[in-house]
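**Q** Could you work out the structure for the sequence below:
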Amino acid sequence: MTSHRFLQILTASVIALQGSAAQTSPHVSLSVGDAVALVLSRNPALVESGHDIDASRARADQSRSGYLPSAEAEATYVLLAPVSVFDLPGESIKVFPYNNYDGHIGVRQTIYDFQKTSAQVGLADSRIALAEDSREAVKRDLAVRAAETFYVILFLRRSIEVQNEQVQTLQEHLAIARRKTEAGTATQLDELTTQVRVAAAQNVKIGLENNLRSAEITLRRLAVLPSDAPLDLRGEFSPAVFPLDRDSLKKAALTGRIEARSADDALASARAQQRAAGANDAPSLNASLLYGVKNGYIPNLDVLRGNIVGVVDLRIPIFDGNRTRSMEEEATATLHAAESRKQGVALMIQAEGDQALSELTAAGERVSVSETNINQADLAVKNARLRYNAGSLSNLDLLDAETAVAQARLTNLQALYDVVTGTIRLRRATGSPVTGG
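**A** This is a model prediction of the structure:
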């Protein structure tokens, strides 16, 4: 086998995007690209992850509120009794009124907080990136699941076709065996042996049909389709070019895998958490301005009068019950965990890439072997039929030869399917688009 042929076998895949993304109608003919697009447009897991991103962005906006002034209106009523009074010649003067009213509008602005707010904003922004990474991982995994299920269905449908042909061939031989038994030219053993083989082939067919129903249920669930929606799938096990150089695949994986980017973002988030924890007990300089009306001014204590208050205050935390120290310890532990995770992710990516490449290589070799087996089995059947027609071969021996052809076809189909799914897994392992490109 030439190296070019071997490369074609290794890279055999039908993962090519066929036209535009599928619409939501369940009555369209779907390529693998259409099926993936349909799942990504409808699956609730992606909707959920989108809401998680919205929540992270809202928390980041909450952090940025520290840059903006806050305003509030307040109204109070205070009853004071007894009222202090001092006497002057001819009158008594109250020191304060019995009923005290105060209403005001106040604005408060942080002038400087020694990077406390900016550290919180940085931490919130880093968590947006983590939420976006999580969504990309969900999207990637859904695409892989959809593509694999798509090809499982194609594989099972074609396997059932082969098995149907096998059952039909066995039933034809059973009819021949019965006629020969009735004519006395064959023993009942031939008929009984053929019946056993028919039953075994039908059992295999039943198992394949059950697996097919399960796969179709899975695809409908992923795409949120009705349980009775028809699945008109189109696809072929045809070759497609995909680079298989181990070094280039490793490099692509370390830059393209969402896990690698997520590990970097988690490390950045841990550092932001550490900065936020260190700034937790930083001083803050604030200014407040209040305007309102109140009573209690001499000489007319019960008359409401306008007033204005301006305040500048500096707050310096002295002791917070060791809260900041605990936050810093937590942040440091999180940072160390993120560093270790990044190292582990790099090893995991390399191992998954090596394993996917190894499985794809083995699948390609099985395709080559199974193609040879089909040719040999076809030749064996031709010779067996000639000998059977000449009367030098038994019905059971011919059955063995025909069964070997069916088995060789199923084995070849399995190998082609393994190449397709192996290519999908290699694309996942290297961070490449599942549907090609």
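**Q** which residue sits closest to Ile349 in space, ignoring its chain neighbours?
**A** Residue nearest to Ile349 in three dimensions, not counting chain neighbours: Ala253, with 4.8 Å by CB to CB, 6 or more residues apart in numbering. Heads up, the C-betas are built off the backbone N, CA and C, glycines and all.
**Q** What of Thr181?
**A** Nearest-residue entry for Thr181: Glu191, 5.0 Å, with adjacent residues in sequence omitted and distances by CB to CB, 6+ apart.
**Q** For the stretch 151-300 of the chain, which segments are assigned as strands?
**A** If DSSP state E, counting those that start in this stretch is used as the criterion, the strands of the stretch 151-300 of the chain fall at 232-233, 284-294.
**Q** Return the most buried member of those.
**A** By mean neighbour count, with neighbours taken as mean count of other CB atoms under 10 Å, strand 284-294 ranks first of the strands of the stretch 151-300 of the chain at a mean of 16.
**Q** what does that one contact?
**A** Outside strand 284-294, the residues that touch it by CB atoms under 8 Å, 6 or more residues apart in numbering are 74, 100-114, 116, 304-315.
**Q** Got a quick ChimeraX command for the buried subset of those residues?
**A** Paste this into ChimeraX to select the buried members of these, with burial taken from 16 or more other CB atoms under 10 Å:
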select :100,101,102,104,106,110,113,116
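**Q** Filter the contacts of strand 284-294 down to the ones in helices?
**A** In helices, judged by DSSP state H, the following of these are found: Lys116.
**Q** taking the contacts of strand 284-294 one by one, which sit in strands?
**A** If you go by DSSP state E, the contacts of strand 284-294 have 74, 100-112, 305-315 in strands.
**Q** can you pull the alpha-carbon coordinates of stretch 49-56 into CSV?
**A** Taking C-alpha atoms only, stretch 49-56 is exported to CSV below (Å, rounded to 0.1, in the frame of the first residue of the first chain):
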residue,chain,number,x,y,z
SER,A,49,-24.4,29.0,29.2
GLY,A,50,-25.4,32.2,27.4
HIS,A,51,-27.4,33.3,30.5
ASP,A,52,-24.3,32.5,32.6
ILE,A,53,-22.3,34.9,30.5
ASP,A,54,-25.1,37.6,30.9
ALA,A,55,-24.9,37.0,34.7
SER,A,56,-21.1,37.4,34.7
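**Q** ok, residues contacting it?
**A** Contacts to stretch 49-56, defined as CB under 8 Å, 6+ apart, come from residues Ala124, Arg127, Ile128, Leu130, Ala131, Glu132, Ser134, Arg135, Val138, Lys139.
**Q** Tell me who's in contact with the last one.
**A** By that I understand Lys139. For Lys139, the contacting residues are Leu40, Leu46, Ser49, taking CB under 8 Å, 6+ apart as the criterion.
**Q** let's see it at 10 Å
**A** The contact partners of Lys139, by CB atoms under 10 Å, 6 or more residues apart in numbering, come to Val36, Val39, Leu40, Asn43, Ala45, Leu46, Ser49, Ile258, Val434.
**Q** Of those, which is the most crowded?
**A** Val36 (28 neighbours; other CB atoms under 10 Å).
**Q** Could you give the average pLDDT over the helix or strand hosting it?
**A** Here Val36 is covered by helix 32-42, with elements defined by DSSP states H and E. Helix 32-42 shows a mean pLDDT of 93 in the predicted model.
**Q** how about stretch 87-104 as CSV, C-alpha atoms only?
**A** As requested, the backbone C-alpha atoms of stretch 87-104 are provided in CSV (Å, rounded to 0.1, in the frame of the first residue of the first chain):
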residue,chain,number,x,y,z
ASP,A,87,-36.7,81.5,80.6
LEU,A,88,-35.9,85.1,79.5
PRO,A,89,-37.6,88.2,80.8
GLY,A,90,-41.1,88.1,79.3
GLU,A,91,-40.8,84.7,77.4
SER,A,92,-39.7,81.1,77.5
ILE,A,93,-37.5,79.8,74.7
LYS,A,94,-37.4,76.2,73.6
VAL,A,95,-34.0,74.8,72.8
PHE,A,96,-35.4,72.4,70.2
PRO,A,97,-38.9,71.6,68.9
TYR,A,98,-41.1,68.8,70.2
ASN,A,99,-41.6,67.5,66.6
ASN,A,100,-38.5,67.3,64.5
TYR,A,101,-38.6,66.9,60.7
ASP,A,102,-35.7,66.4,58.3
GLY,A,103,-35.8,65.6,54.6
HIS,A,104,-32.8,65.7,52.3
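**Q** Centre of the chain to that stretch, how far?
**A** 71 Å (CA atoms, centre = their mean, to the nearest Å).
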